[in-house]
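Q: here's a sequence, model it:
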Amino acid sequence: MKIPEGKKIYFASDNHLGAPTRAKSLDREVKFVKWLDEVKKDAAAIFLLGDLFDFWFEYKTVVPKGFTRTLGKLAEITDSGIPVYYFVGNHDLWMSGYFEEELNIPVYHKPQEFTFNDIRFFIGHGDGLGPGDKGYKRMKKVFTNPFAKWLFRWLHPDLGVKLAQYLSVKNKLISGDEDVKFLGEENEWLVQYSKRKLESRHYDYFVFGHRHLPLTIDVGPNSKYVNLGDWIGYFTYGVFDGHQLSLEKYETEKTQNNSTET
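A: Numbering: from 1, shown residues only. Predicted coordinates for the structure are as follows:
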């Protein structure tokens, strides 16, 4: 993909809309939609790297209600000709056609390679990659098993969605009872994964979500691992200007005014 002069590529991840309750996530959703409305002015493309929703499951004729502001804004953006790409996360991995058919957004279930202006990116959500986390990797196999999904689909949506949402918001990170801490390069699985990928092929940037920490780490000569942070506490996102990728923090006019006054 060639990035036109003056255009940018934007990356965001881990909104967890709907958690811990839809009412409490509404402010975050409004803020995210405002960001989408602003970046569409110079966006060549927008990449959403998973966990946009804290829970998402597509029945044959039903999807979880809510999130109208976000879905409507994404439809508006793709209708205007700006491509949006979606990578499923561990909270919304049960996507099976709705985004493609309704929003014209391609959905990826595995990391993908992209090249922008001859700069090579490796992009994904990040869950289940690298060494360790064997318990989650076993659970992911269950969650993505076609028979397990078929069984869950037989639950009435009122029961299935409510059960899944209950289990999802038990996540202490979303409830605010747990802080994510940087573990050090040797213990960050996605850092180790990136370094191993470099042994077979060069990438200028590895871009992931999942860890909820805004990070930029050198993983090799002219190669960086970038974690996008989240839209829960950090409100950070990535911007590629055609030459380099940087992390930025989104602050609304109200937030900026409050900061100035203090």
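
Q: gap between the two ends of stretch 72-85?
A: 16 Å (Cα to Cα, to the nearest Å).

Q: actually, stretch 185-201.
A: End-to-end for stretch 185-201, by Cα to Cα: 20 Å.

Q: that stretch - what's its average pLDDT?
A: The average of the pLDDT scores along stretch 185-201 is 93.

Q: and stretch 209-223, by the same measure?
A: Rounded mean pLDDT across stretch 209-223 is 95.

Q: tell me the buried residues in it?
A: Gly209, His210, Arg211, His212, Leu213, Pro214, Leu215, Ile217, Val219, Gly220, Ser223 (16 or more other Cβ atoms under 10 Å). C-beta: built from backbone N, CA, C; applies to glycine.

Q: my read is that the third one contacts Leu190, right?
A: Yes. At 6.5 Å, Arg211 counts as touching Leu190 under the criterion of Cβ atoms under 8 Å.

Q: tell me, what's touching the two both at once?
A: Gly126, Asn227 (Cβ atoms under 8 Å, 6 or more residues apart in numbering).

Q: does Tyr10 really touch Asp42, like I thought?
A: No. The criterion here is Cβ under 8 Å, and Tyr10 misses it with Asp42 at 9.1 Å.

Q: between the two, which one's more packed in?
A: Tyr10 (23 against 14; other Cβ atoms under 10 Å).

Q: model confidence for the more buried one, exactly?
A: Looking at Tyr10, the pLDDT reads 98.

Q: could you verify that it is part of a helix?
A: No. Read with DSSP: H, G, I helix; E, B strand; the rest coil, Tyr10 is strand and lies in no helix.

Q: so it versus Leu52, what's the distance?
A: 14 Å (Cβ to Cβ, to the nearest Å).

Q: quick one: which two of the buried residues of stretch 209-223 are the most distant?
A: Farthest pair in the buried residues of stretch 209-223 (Cβ to Cβ) is His212 and Gly220. Separation: 24.0 Å.

Q: could you tell me the angle between whichever strand or helix holds Leu247 and strand 8-12?
A: Following DSSP states H and E, the helix or strand that holds Leu247 is strand 245-249. Computed by axes from the mean of the first three to the mean of the last three Cα atoms, to 10 degrees, the angle separating strand 245-249 from strand 8-12 equals 60 degrees.

Q: check which residues of strand 245-249 are buried.
A: So, applying 16+ other Cβ under 10 Å, buried residues of strand 245-249: Leu245, Leu247.

Q: relative to Ile232, how far out is Ile105?
A: 22 Å.

Q: how about the residue nearest to Leu228 when sequence neighbours are not counted, phi and psi?
A: Distances taken as Cβ to Cβ, 6 or more residues apart in numbering put Ser13 closest to Leu228, at 4.3 Å, once the chain neighbours are dropped. Main-chain dihedrals, Ser13, degrees, to the nearest 10: phi -160, psi 160.

Q: for the record, mean pLDDT for stretch 245-254?
A: 86.

Q: contact partners of that stretch?
A: 11, 31, 34-35, 205, 207, 214, 216, 224, 226, 228-229, 234-239, 259.

Q: cross these against strands and list the overlap.
A: Mapping those onto strands (DSSP state E) picks out Phe11, Tyr205, Val207, Pro214, Thr216, Lys224, Val226, Leu228, Thr236, Tyr237, Gly238, Val239.
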